[in-house]
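S.K.: heads up, no residue letters with this:
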């Protein structure tokens, strides 16, 4: 599964996945000191998914001001599905 950070035409942040996620996303946590995202699911038995790349400077500035983001699930066989979730900033 590929998970990428992007933005929508209106400037909103989006996390885009090319396959369905294991559960509905409850929130996304951004760890400022590590420059990484953790996707937290409604099902507490699932640990969550860590995005394994650091953000670049342009993306960091956009993330700092974002109250939330849109989760978009898209693959070649289905129409994209999206929904909004809160973005929790962790750290200084």
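M.R.: Received, thanks. Treat the numbers as computed from the prediction; the structure is a model and nothing was measured.

S.K.: which parts of the chain are strands?
M.R.: 3-7, 13-17, 25-31, 36-41, 49-50, 68-75, 78-90 (DSSP state E).

S.K.: what sits up against the shortest one?
M.R.: If I follow you right, that is strand 49-50. 3, 21, 22, 36, 37, 38, 39 (C-beta atoms under 8 Å, 6 or more residues apart in numbering). C-beta here means a position set from N, CA and C on the backbone, and glycine is covered the same way.

S.K.: quick one: strands adjacent to the worst-scoring helix or strand of the chain on mean pLDDT?
M.R.: The weakest-scoring helix or strand in the chain, judged by mean pLDDT, DSSP states H and E, is strand 49-50 (a mean of 82). Neighbouring strands of strand 49-50 in its sheet, by DSSP bridges, are strand 36-41 (antiparallel).

S.K.: nearest residue to the middle of the chain?
M.R.: For the chain, residue 15 is the residue whose C-alpha lies nearest the centre (C-alpha atoms, centre = their mean; 3.9 Å).

S.K.: list the contacts for it?
M.R.: When contacts are counted by C-beta under 8 Å, 6+ apart, residue 15 touches 3, 4, 5, 6, 28, 37, 39, 51, 69, 70, 71, 72.

S.K.: could you export these as CSV, including pLDDT and neighbour count?
M.R.: Listed next are those as CSV, based on pLDDT from 0 to 100; neighbours: other C-beta atoms under 10 Å:
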residue, pLDDT, neighbour count
3, 84, 18
4, 84, 12
5, 86, 18
6, 85, 13
28, 93, 24
37, 90, 24
39, 91, 22
51, 80, 17
69, 93, 25
70, 92, 17
71, 91, 20
72, 89, 17
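
S.K.: residue 6 versus the residue in the chain sticking out farthest from the centre, what's the distance?
M.R.: In the chain, the residue that sits farthest from the middle, by C-alpha atoms, centre = their mean, is residue 77; the gap is 21.8 Å. Residue 77 sits 20 Å away from residue 6, going by C-beta to C-beta, to the nearest Å.

S.K.: quick check: the closest residue to residue 19 other than its chain neighbours vs residue 72, distance?
M.R.: Spatially, and ignoring its direct neighbours in sequence, residue 19 is nearest to residue 1 (4.5 Å; C-beta to C-beta, 6 or more residues apart in numbering). Distance of residue 1 to residue 72, computed by C-beta to C-beta: 13 Å.
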